[in-house]
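*Asks:* I'll drop the sequence and a predicted model, then ask my questions.
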Amino acid sequence: MTSTSNGLAIAAKGLHKAFGEKKVLDGIDLAVPQGTIFSLLGPNGAGKTTAVKILSTLIAADSGELYVGGHDLAAEPQAVRAAIGVTGQFSAVDGLITGEENMLLMADLHHLSRTEGRRTAAELLERFDLTDAAKKPASTYSGGMKRRLDIAMTLVGDPRIIFLDEPTTGLDPRARHNMWGIIRELVSGGVTVFLTTQYLEEADELADRIAVLSDGRLVAEGSADELKRRIPGGHVRIRFTDPTAYQAAAVALREVTRDDESLSLQIPSDGSQRELRSILDWLDSAGVEADELTVHTPDLDDVFFALTGPTAGSAAVPNQSKETVR
Ligand SMILES: Nc1ncnc2c1ncn2[C@@H]1O[C@H](COP(=O)(O)OP(=O)(O)OP(=O)(O)O)[C@@H](O)[C@H]1O
């Protein structure tokens, strides 16, 4: 590990890439700690696949200081290739041969001995629940099975860093949940995962950190919760059945929006424990008891729409938000 990458699995500074006149990546900085899941989120054509292709040495950047697995991407591309695995939109699965043959081909590519290759293939096929289908041509596999085979093939080389480019696009909900389980398991074994996705739910479920790519730039970065707190719209709603309690609370609480018809009060809040506690303390000190308290937090969809696309940057008001009854 070189000092330049500071123990990070992936480090990028000032990553630029243009195709002709079109700037696809316009100065991107990335820092992905080892053993974490990092998700690059962005609308169609934002440059996610381009970033993966560059970081996995498939295409060259125009400029930028790039380190993957502690190796300088420009100076030591072979060392980077030895440390990583890539699966996703450009699948390595050959449909004409069986799952097992695909695995053995990968074992050959990694120069494993015959015995070692067979052992590794069998182990991985078992781990990914493909033993029963191992002798069937991969073209007969379902979408979920093909993705599992693709990841199993990537793991033959025991990579410490895995790039997953939209790994669950087109999978049904069950197959998607299975894939999430596989990804979590990889990370619990110390692997670093760089995941691109268009599914906000997926980034929310899996990623330790999320970066939102729009028009070639990272417009936001943080944990899912940090991103959700960055946009307006979070509030706490308190409902009463007793009009006297409702009036007392409306007086006791500051900055409330009243809804006299439903006897409910809405208070702007990020939904944090600290803010909830102070609201409850105000109610307690006013001696009133609410009948229902709901926390309304913006979800990643709100963040995404607020930060990307034509209305990005305007004071976007979340359209759909999750309500948690407490
Ligand atoms: N080889 C290329 N030559 C010219 N333009 C390209 C090339 N590869 C990608 N692009 C353009 O760069 C932009 C980013 O493409 P990229 O595939 O990285 O986006 P993406 O975020 O992965 O999109 P998607 O979610 O649709 O896969 C697009 O406008 C695309 O047309």
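*Replies:* Right, received. Where do you want to start?
*Asks:* residue 279 contacts residue 265, doesn't it?
*Replies:* No: with contact defined as Cβ atoms under 8 Å, residue 279 does not count as touching residue 265 (9.7 Å). Placement of C-beta: from N, CA and C, glycine included.
*Asks:* what do these two both touch?
*Replies:* 238, 253 (Cβ atoms under 8 Å, 6 or more residues apart in numbering).
*Asks:* tell me which of those two has more neighbours.
*Replies:* residue 265 (23 against 20; other Cβ atoms under 10 Å).
*Asks:* ok, now which ones touch that one?
*Replies:* Residues near residue 265 by Cβ under 8 Å, 6+ apart: 237, 238, 246, 249, 250, 253, 256, 257, 258, 259.
*Asks:* counting only strands, which of those make the cut?
*Replies:* By the criterion of DSSP state E, membership of the contacts of residue 265 in strands covers 237, 238, 257, 258, 259.
*Asks:* which of those are buried?
*Replies:* Neighbour counting by 16 or more other Cβ atoms under 10 Å classes 237, 238 among those as buried.
*Asks:* and the residue of the chain most remote from its centre, which of the three is it?
*Replies:* Residue farthest from the centre of the chain, counting by Cα atoms, centre = their mean, is residue 244 at 46.9 Å. Of the three states, residue 244 takes helix under DSSP: H, G, I helix; E, B strand; the rest coil.
*Asks:* let's have the chain start at 38 instead
*Replies:* In the new count, where the first residue is 38, that last one comes out as residue 281.
*Asks:* which residues touch it?
*Replies:* Applying Cβ under 8 Å, 6+ apart, we find residue 281 in contact with no residue.
*Asks:* show me where the stretch 238-363 of the chain dips below the pLDDT cut-off.
*Replies:* Within the stretch 238-363 of the chain, the segments meeting pLDDT under 70 span 270, 346-363.
*Asks:* contact residues of it facing the ligand?
*Replies:* Counting by Cβ under 6 Å from any ligand atom, no position of the stretch 238-363 of the chain is adjacent to the ligand.
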